[in-house]
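Participant: build the 3D model from these lines:
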Amino acid sequence: MSDTELKPATDQESAERLSSAPVESDGPTGIGLFGWLRWTWRQLTSMRVALILLFLLSLAAIPGSLIPQESENSLKVQTWKAGHKSLTPLYDKLQLFNVYSSVWFSAIYILLFISLAGCIIPRTWQFVGVIRSAPPAAPRNLTRMPVYAAWQTDADPQTAVAAAHRLLRKRRFRAHLAGDAVAAEKGYLREVGNLLFHLSLFALLAGFAWASLASGTGGKLVIEGGGYTNTVTQLDDFTGSAFYGPEDLDPFGFNLDGFTAVYQTTGDQIGEAREFTAHIHYWQGADPTKLKPGDIQVNHPLEISGSKVYLIGHGYAPVITVKNAAGQVVFHDAVPFLPQDNNLTSTGVIKVADYGEKDGKKVQLGFSGFFLPTAPANFGPTTGPVSLFPGDANPALILTGYQGDLGTDSGTPQNIYELDLTHLTQMQQDGGIAKVKMTPGEAWQLPDGYGTLSFDGYKQWATFSVSHRPGNDIALAGAVLAILGLIGSLFVQRRRIWVRAVVGPDGRTLVELAGLARSESARIAEELAELAVDLQDDAPALDLDEEEPDDDAPEGSAGDDKPSQADPDRQPEAPEPSDPDGTAAPAHPADTDSKE
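Facilitator: Modelled structure (predicted):
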């Protein structure tokens, strides 16, 4: 057989005609209101506007990350407002404390939904039409195609065309016989990937929207040996949504059996956490006797009855017993202290609201101080009480005492981790402030005959976040499918191949092959070369003696000295849309602003 030459794809305009993207106009296409509405709709569903909306959405999320949000932590919002009183009115008007439910964020979100829907629906319908129709018929002049090859053979045209049709089908082209030519097309996964990407992005946004409308989050601190039932009265805080309130909480509960905390004890990273595990037994539904064991670790939540329970914090709770002067126990509980640094130097308060009376007056006691998991032998004059290690190597409790009115009976809500000193008087002992440092098992004889306070030991506590977010799975699936669709749209190339076999004036059969790709690529040339090689078995090329070419013979016909092809140095001429027998590609070029 003779050598066949293939021309690289150079006609970008011809390649773009393989696009099925809708065409947009540069301005209103009608007269009056209808024309403006049509133009606005096309602009809204264009790639340019979609990208602008995505960019605006990402910008709109920045304030929600930098400014405390009411939906996440209302206490932080109040603290921020107290420290920035001049900016608070402006931020309130701009809804910056409720970014994700604000009017302007919702408007961007809804417009992005409409933009995606306006692109996906007509484009999917158009693609279905392309799939159902036969590949476009071969153009009249195949030499105009970007990639072209031709040779002469003694095989009859029907045999060559049938062999080409069989080979193209074997290569998984959609091939169609039409007279003396076969038309084939491949690479529909490119458009499938493009549509999948947009559908997945739509699903991703829908998942986030559903999660924001039908989700709820609550927090709970549980001490070892304690339990939790998923009701709003047991939650320390709860944030619901439009379609998820306190009455929609999933029925379950759990008991915290123990907590394992492991820290590195040597090297440069001494004190770094290596393991945090909460060991629980949980139940689902209304029967708390049907318990199942489970572990909750950081970034490894436990899913129970449609909610996920996350481990988000850990600390220590000293066990305190207070007795009055008569030796009666007036307080006994494990009191959680809150960590202040990486070594779990913790602060907390003890409120003895039911102490009773002293000298005929109702008295309440309060204590504030520090719990140090690993206390130093002595405190420095400037550092104060600090822990040297987060593990409980040398636990100590430092307390200062107060007496008076805690303010718990006033009806005003109080922070359980702070003392209201308005009506409290600091205790005095030995001519100074009444304070003490204790280790587990020690007791403190309170001044002025108030009784005793004993440090019985300590327990560990853990804070959990109970989250119900029904749209997360949809958003995750959308993100994964969007990546797969993007891969398909970037790496799959849509291309067409035509093969024609006709009898020339000299009685020999002229076999012509041509290809057209979506964009410039060597792949279409490689496929055409492989097809030409395989076709030699049924339509072998003739090695002709050198002859003068016939001026009337078409380029690549029997007048050449051997099978010839289009000149590779010649720039291909784009097929004219007005040619009734030209390429079956759309008569208009693809719009660069479409979402393909």
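Participant: make it CA atoms for all contacts and neighbour counts henceforth
Facilitator: OK.
Participant: residue ranges in this structure under the pLDDT threshold?
Facilitator: In the predicted model, the chain carries pLDDT under 70 at residues 1-31, 71-75, 380-382, 519-522, 544-596.
Participant: for it, which segments count as helices?
Facilitator: For the chain, applying DSSP state H gives helices covering 12-16, 33-44, 47-66, 74-83, 88-93, 103-132, 157-170, 189-213, 472-491, 523-535.
Participant: turn those helices into JSON lines, including distance to residue 455 and mean neighbour count.
Facilitator: Listed next are the helices of the chain as JSON lines, based on distance: least, CA to CA, whole Å; neighbours: other CA atoms under 10 Å:
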{"stretch": "helix 12-16", "distance to residue 455": "80", "mean neighbour count": "20"}
{"stretch": "helix 33-44", "distance to residue 455": "68", "mean neighbour count": "16"}
{"stretch": "helix 47-66", "distance to residue 455": "42", "mean neighbour count": "15"}
{"stretch": "helix 74-83", "distance to residue 455": "31", "mean neighbour count": "14"}
{"stretch": "helix 88-93", "distance to residue 455": "45", "mean neighbour count": "12"}
{"stretch": "helix 103-132", "distance to residue 455": "53", "mean neighbour count": "16"}
{"stretch": "helix 157-170", "distance to residue 455": "83", "mean neighbour count": "20"}
{"stretch": "helix 189-213", "distance to residue 455": "46", "mean neighbour count": "21"}
{"stretch": "helix 472-491", "distance to residue 455": "46", "mean neighbour count": "18"}
{"stretch": "helix 523-535", "distance to residue 455": "79", "mean neighbour count": "18"}
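Participant: among the ones you listed, which comes closest to residue 278?
Facilitator: Smallest distance to residue 278 across the helices of the chain (CA to CA): 24.1 Å, for helix 472-491.
Participant: re earlier: could you dump the helices of the chain to TSV with distance to residue 514?
Facilitator: As requested, the helices of the chain are arranged in TSV below (distance: least, CA to CA, whole Å):
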stretch	distance to residue 514
helix 12-16	13
helix 33-44	35
helix 47-66	32
helix 74-83	68
helix 88-93	64
helix 103-132	21
helix 157-170	12
helix 189-213	21
helix 472-491	22
helix 523-535	7
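Participant: out of these, nearest to residue 378?
Facilitator: Among these, helix 74-83 sits nearest to residue 378 (CA to CA), with 34.9 Å.
Participant: tell me which of the helices of the chain lies nearest to residue 339.
Facilitator: Of these, nearest to residue 339 by CA to CA is helix 74-83, at 17.4 Å.
Participant: other SSEs contacting that closest one?
Facilitator: Taking 3 or more CA pairs under 8 Å, 6 or more residues apart in numbering; DSSP states H and E as contact, there are no helices or strands that helix 74-83 lies on.
Participant: rerun at 10 Å
Facilitator: Applying 3 or more CA pairs under 10 Å, 6 or more residues apart in numbering; DSSP states H and E, one finds that helix 74-83 contacts helix 88-93.
Participant: and the helix it packs on, what does it pack against?
Facilitator: helix 74-83.
Participant: show residues contacting the helix it packs on.
Facilitator: Applying CA atoms under 10 Å, 6 or more residues apart in numbering, the set of residues contacting helix 74-83 from outside is 67-71, 84, 87-89, 91-92, 97, 237, 239.
Participant: quick one: which two of these are the most distant?
Facilitator: The widest separation within the contacts of helix 74-83 (CA to CA) is 26.8 Å, between 87 and 237.
Participant: out of those two, which sits in the more crowded spot?
Facilitator: residue 237 (15 against 11; other CA atoms under 10 Å).
Participant: before we move on, the earlier item: among the helices of the chain, which is nearest residue 459?
Facilitator: Among the helices of the chain, helix 74-83 sits nearest to residue 459 (CA to CA), with 27.0 Å.
Participant: gap between the residue lying closest to residue 263 once chain neighbours are set aside and residue 280?
Facilitator: Nearest non-adjacent residue to residue 263, counting by CA to CA, 6 or more residues apart in numbering: residue 273, 4.5 Å away. Separation of residue 273 from residue 280 (CA to CA, to the nearest Å) stands at 20 Å.
Participant: between these two, which is the more surrounded one?
Facilitator: residue 280 (21 against 15).
Participant: distance check, the closest residue to that one other than its chain neighbours against residue 224.
Facilitator: Closest residue to residue 280 apart from its sequence neighbours, by CA to CA, 6+ apart: residue 256 at 4.6 Å. Taking CA to CA as the measure, residue 256 falls 5 Å from residue 224.
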